[in-house]
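Enquirer: just coords:
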């Protein structure tokens with residue numbers, strides 16, 4: 001794991017690396033299973049391109065025509081009455 005600091009909630013910001021050198025972050029974005037959160041890795045051209053390709057191919061969460069980013073979902077569900 002290569003760490004880059006903490007987010008505003010105290011969570012570690014990191015690249016997760018497997019013993020063979022595979023970057024798990026890249027795989028998750030490439031396969032469309034997560035968003036590239038630009039706030040913590042601005043200008044990361046690798047993640048930008050991997051997400052662009054996943055979106056364009058409709059992979060993972062991008063198969064949904066209107067996926068809801070987790071930060072929007074949390075804000076909506078935490079502020080609306082239940």
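Expert: In hand now; what should we look at? Keep in mind the model is a prediction, meaning the values are calculated, not measured.

Enquirer: now for residue 1: which residues touch it?
Expert: Counting by Cβ atoms under 8 Å, 6 or more residues apart in numbering, residue 1 makes contact with 14-17. All C-beta atoms are positioned from the backbone trio N, CA, C, and that covers glycine.

Enquirer: switch to 10 Å and redo it
Expert: Contacts for residue 1 (Cβ atoms under 10 Å, 6 or more residues apart in numbering) come out as 12, 14-17, 24.

Enquirer: strands - which of those land there?
Expert: Judged by DSSP state E, the contacts of residue 1 include 12, 14-15 as members of strands.

Enquirer: neighbouring contacts of the helix or strand of the chain with the lowest mean pLDDT?
Expert: Least confident helix or strand, the chain: helix 70-79 with a mean of 82, by mean pLDDT, DSSP states H and E. Applying Cβ under 10 Å, 6+ apart, the external contacts of helix 70-79 come out as 34-35, 37, 39, 61, 67-69.

Enquirer: picking up where we left off before, and which of the contacts of residue 1 is nearest to residue 5?
Expert: Nearest to residue 5 out of the contacts of residue 1 is residue 12 (Cβ to Cβ; 7.8 Å).

Enquirer: leaving out sequence neighbours, find the closest residue to the closest one.
Expert: residue 3 (5.6 Å; Cβ to Cβ, 6 or more residues apart in numbering).

Enquirer: quick one on the thing from earlier: mind giving me the PyMOL command for buried ones among the contacts of helix 70-79?
Expert: Here is the PyMOL command that selects the buried residues among the contacts of helix 70-79 (16 or more other Cβ atoms under 10 Å):
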select buried, resi 34+35+37+61
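
Enquirer: any stretches of this protein with poor pLDDT?
Expert: 78-82 (pLDDT under 70).

Enquirer: helices along that one, start to end?
Expert: 24-30, 45-57, 70-79 (DSSP state H).
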